[in-house]
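**Q** Return atomic coordinates for the entry below.
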Amino acid sequence: MNYSELISRFWEHNEKQPLGAVAVSLYLFLLEIWAKNDEHDFKLSDTEICERLKITRPTIISSRQKLCSIGMIQYQSQNGLPGQYKILREYSPVLSVFENPKKTIPKKKKTAGKPLQKSKNLLNENLPTDNLPKIFPSTLIPISGNIPSLKEFMQYVKTLENYVPELENLIEAKYNSWLGNEWKNGYDKPITNWKSSIKNAIPFLQSELESQNTTPEKKIALQTIKRPRSIFDG
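**A** All right, here's what the predicted structure looks like:
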């Protein structure tokens, strides 16, 4: 599919399953960059996207994961460098639940004539960790007991005294940013007590919400008019 065909297909998909204004803006922006690069893969930093679309980095991460989960794009992060984007001409939802699926976990073959038995010591088996994807969408059940589902996360946040409904999008973006960073905060430190972490983050999210809703007033500079000198002035 070429550029115009991808746009047509995107709007058809969006009519059936609306993605939201931010995800729509991000996809069309990435598609434009892709077209300018002769429909080749390209590198783009989150900082540049923030400046061009006027959205925060947590919002970019959340929207990008949504596009990856549908199979519209593939994304590969690189430490300290702009990430690699690939526009997919054919949507592949099966492979898109992770932003950068490098490996797949092989399925165990069933033994003929014998039913599969659940191992009591399944958690103690030496399973290879290299095959496990590091990023997973918020709609999936977490693989670690320390990481709550998005539903559990939001249920707890709504019990906090300083929670207001207007913060919901920012809080969900914060959850997705921690999730995309292997359940680490902005300082790359593991989150051991997520309830305490989000409770402490609420005041900062409130400030961010206020800054988004506040339009700076334009100051009008008045020209200073000097009084003409009189013959009576000394």
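
**Q** now the helices: where do they sit in this structure?
**A** 3-16, 21-36, 46-53, 57-70, 150-157, 168-180, 194-213 (DSSP state H).

**Q** Now tabulate these in a markdown table and tack on distance to residue 90.
**A** Where C-beta positions appear, they are placed from N, C-alpha and C, glycine not excepted. As requested, the helices of the chain are exported to a markdown table (distance: least, Cβ to Cβ, whole Å):
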| stretch | distance to residue 90 |
| --- | --- |
| helix 3-16 | 10 |
| helix 21-36 | 15 |
| helix 46-53 | 24 |
| helix 57-70 | 12 |
| helix 150-157 | 28 |
| helix 168-180 | 25 |
| helix 194-213 | 36 |
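
**Q** possible to save those as a markdown table with distance to residue 87 and mean pLDDT?
**A** Formatted as a markdown table, the helices of the chain follow (distance: least, Cβ to Cβ, whole Å; pLDDT from 0 to 100):
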| stretch | distance to residue 87 | mean pLDDT |
| --- | --- | --- |
| helix 3-16 | 7 | 86 |
| helix 21-36 | 4 | 91 |
| helix 46-53 | 15 | 90 |
| helix 57-70 | 10 | 88 |
| helix 150-157 | 27 | 91 |
| helix 168-180 | 20 | 87 |
| helix 194-213 | 29 | 85 |
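
**Q** out of those helices, nearest to residue 85?
**A** helix 21-36 (5.9 Å; Cβ to Cβ).

**Q** Show residues contacting that closest one.
**A** Contact with helix 21-36 is made by 3, 6-7, 10, 14, 19, 40, 42, 44, 49, 52-53, 55, 59-60, 62-64, 66-67, 72-73, 85, 87, as judged by Cβ atoms under 8 Å, 6 or more residues apart in numbering.
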